[in-house]
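# Kindly return the folded structure for what I paste below:
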Amino acid sequence: MNRKDFLKIITGVAVAIPFLSVTRKKINNSFGPIEPVSIATWRFGINTTAKAMDLLENGSSAMDATEAGVKICEADPRERSVGLGGRPDRDGVVTLDACCMDHLGNIGSVAAVEDIVHVSSLARAVMEKTPHVMLVGEGARQFALEMGFPKEKLLVEDSKREWKKWKESSDYNPIINMENHDTIGQISLDKNGHLAGICTTSGMGFKMHGRVGDSPIIGAGLYVDGDIGAATATGHGEEVIRVVGSYRVVAEMERGLSPQMACEEAVRKIYDFFKRRKSSLKDTQIGFIAMNKRGDVGGYSLRSGFQFAISRSGRKSQLIDAEFLIS
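Numbers count the residues shown, from 1 in each chain. Modelled structure (predicted):
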């Protein structure tokens with residue numbers, strides 16, 4: 001190559017670089033008007049995302065809308081895995097866990113809470129009213145009462161009967177997609193393009209007293225990055241904690257993967273951990289849902305049976321059977 005040809009190539013590159021930069025910037029910002037979206041784990045997400053969407057369409061923040069949504073599930077005594085009516089531990093005590101996170105990285109969490117139904121709101125109170133990010137056990141309960149949360153009996157008769165039946169053998173054999181849908185995780189995107197998420201649960205039924213899973217742990221049960229996206233988890237909490245599951249999903253989105261592909265990568269990582277440890281997958285289910293800042297969503301699980309709900313502006317809430325890794 002002679003000097004003249006070399007200078008032509010260099011000049012062409014110099015001209016092209018600004019053009020490519022402008023083009024890339026234009027593409028990244030050409031999303032159009034932001035439409036609200038809300039997604040949630042499991043069938044009860046149909047009602048919770050519908051509630052969130054009603055508020056989002058009227059200008060509510062993502063956090064306000066998500067909180068209002070999950071509180072429907074927490075207050076329903078027919079639900080055996082969240083809030084009022086949640087399954088007790090092996091001592092017959094119902095304990096609840098929750099966390100919340102907004103687009104700015106503000107976080108709040110509570111774990112092993114007795115006598116308080118709306119632990120989602122309590123987690124938010126920790127975020128907004130204290131210098132801390134997590135309160136547990138009696139300290140969380142005391143804070144709730146100081147904040148005016150009503151003290152309520154969480155063990156309903158149906159749960160009590162289930163516990164007494166379990167005590168006949170005291171044998172812990174989780175049933176896939178019954179035992180493991182122990183969480184509602186919900187993520188919303190508001191008209192301002194802000195994301196927020198909440199995860200709330202009563203945890204595994206008949207767990208050891210004091211056991212806490214992934215749901216109240218930021219990065220495991222829930223993670224939100226306002227510049228990238230958000231994810232939340234459900235299922236076998238110990239395995240989600242092991243891979244910092246929800247953060248991993250968001251990190252994969254930061255690498256450029258879609259929410260769907262990011263969820264798939266997180267599930268495969270858990271699968272690989274099981275294989276490496278030569279552990280049985282027979283009684284395990286894990287699921288993730290995710291949303292990026294544009295409102296694209298995804299969901300994926302280790303095995304079949306996981307469902308998630310999605311609600312978009314002007315449309316009826318839809319229940320989706322998630323794709324899965326193994327049958």
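# Go ahead and confirm Phe206 touches Asp91.
No: using CB atoms under 8 Å, Phe206 and Asp91 do not qualify as a contacting pair, with a distance of 9.3 Å. For every residue, glycine as well, the C-beta is placed using N, CA and C.
# These two: who's more crowded?
A direct count of neighbours by other CB atoms under 10 Å for Phe206 and Asp91 places Phe206 higher, at 22 against 12.
# if I pick Ser215, what's in contact with it?
Contact analysis of Ser215 by CB atoms under 8 Å, 6 or more residues apart in numbering lists 97-99, 182-183, 185, 199-201, 203, 221-222, 233, 237.
# ranges for the helices of the stretch 151-300 of the chain?
With DSSP state H, counting those that start in this stretch as the criterion, the stretch 151-300 of the chain has helices at 157-167, 237-242, 245-254, 259-277.
# Please tabulate these in JSON lines and include distance to Gly45 and mean pLDDT as additional columns.
Converted to JSON lines, these look like this (distance: least, CB to CB, whole Å; pLDDT from 0 to 100):
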{"stretch": "helix 157-167", "distance to Gly45": "21", "mean pLDDT": "93"}
{"stretch": "helix 237-242", "distance to Gly45": "18", "mean pLDDT": "94"}
{"stretch": "helix 245-254", "distance to Gly45": "16", "mean pLDDT": "98"}
{"stretch": "helix 259-277", "distance to Gly45": "15", "mean pLDDT": "94"}
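# Out of the ones you listed, the one nearest Phe143 is which?
Closest to Phe143 of the helices of the stretch 151-300 of the chain is helix 237-242 (CB to CB; 23.3 Å).
# Return the set of buried residues in the closest one.
The neighbour-count check on helix 237-242 (16 or more other CB atoms under 10 Å) flags Gly237, Glu239, Val240, Ile241, Arg242 as buried.
# Same list (the residues you listed) but as CSV, adding distance to Gly86.
What follows is the buried residues of helix 237-242, written out as CSV (distance: CB to CB, whole Å):
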residue, distance to Gly86
Gly237, 14
Glu239, 21
Val240, 19
Ile241, 20
Arg242, 24
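# Could you find the residue nearest the spatial middle of this protein?
In the chain, the centroid-proximal residue (CA atoms, centre = their mean) is Thr232; its distance is 2.1 Å.
# ranges for the strands of the stretch 51-200 of the chain?
96-102, 107-113, 134-136, 183-189, 195-201 (DSSP state E, counting those that start in this stretch).
# List just the one of those strands that sits closest to Arg211.
Between Arg211 and the strands of the stretch 51-200 of the chain, the tightest spacing by CB to CB is seen for strand 107-113, at 8.2 Å.
# hmm, back to that, lowest pLDDT pick from the contacts of Ser215?
Among these, Asp182 carries the weakest pLDDT, at 67.
# one step back: quick check, nearest of the contacts of Ser215 to Val267?
Using CB to CB, Ala233 comes nearest to Val267 of the contacts of Ser215, at 9.9 Å.
# Spit out the contact partners of the closest one.
Taking CB under 8 Å, 6+ apart, we find Ala233 in contact with 183, 185, 199, 214-215, 220-222, 240, 245-246, 286-288.
# Most neighbours among the residues you listed, which one?
With neighbours taken as other CB under 10 Å, the top of those is Leu222, carrying 34 neighbours.
# and the nearest residue to that residue once chain neighbours are set aside, how far is that from Gly108?
Among residues not flanking Leu222 along the chain, Cys199 sits closest, at 4.3 Å (CB to CB, 6 or more residues apart in numbering). Noted for Cys199: a distance of 11 Å to Gly108, by CB to CB, to the nearest Å.
# what touches both of those two?
Common neighbours of Cys199 and Gly108 (criterion: CB under 8 Å, 6+ apart): Cys99, Cys100.
# since we're on Ser169, how many residues are nearby?
8.
# mind listing what it touches?
For Ser169, the contact set (CB under 8 Å, 6+ apart) is empty.
# which phi and psi does it have?
Backbone geometry at Ser169, expressed as degrees, to the nearest 10, gives phi -120, psi -20.
# Low-confidence bits of the chain, can you list those?
By pLDDT under 70, the weakly predicted segments of the chain are 1-32, 172-182.
# Return the set of residues that bridge with the residue nearest to Leu222.
Beta-bridge partners of Cys199, counted by DSSP bridges, are Cys99, Gly185.
# Was I right to think Arg87 contacts Trp163?
Yes: counting by CB under 8 Å, Trp163 is a contact partner of Arg87 at 7.3 Å.
# residues shared between the contacts of these two?
Listed as contacting both Arg87 and Trp163 by CB under 8 Å, 6+ apart are Phe206.
# Settle it for me: which of the two has more neighbours?
The neighbour comparison of Arg87 against Trp163 (other CB under 10 Å) goes to Arg87, with 23 against 20.
# how near is the more buried one to Arg161?
Using CB to CB, we find Arg87 at a distance of 11 Å from Arg161.
# before we move on, back to that, could the helices of the stretch 151-300 of the chain go into CSV alongside distance to Asp64?
Formatted as CSV, the helices of the stretch 151-300 of the chain follow (distance: least, CB to CB, whole Å):
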stretch, distance to Asp64
helix 157-167, 30
helix 237-242, 27
helix 245-254, 21
helix 259-277, 23
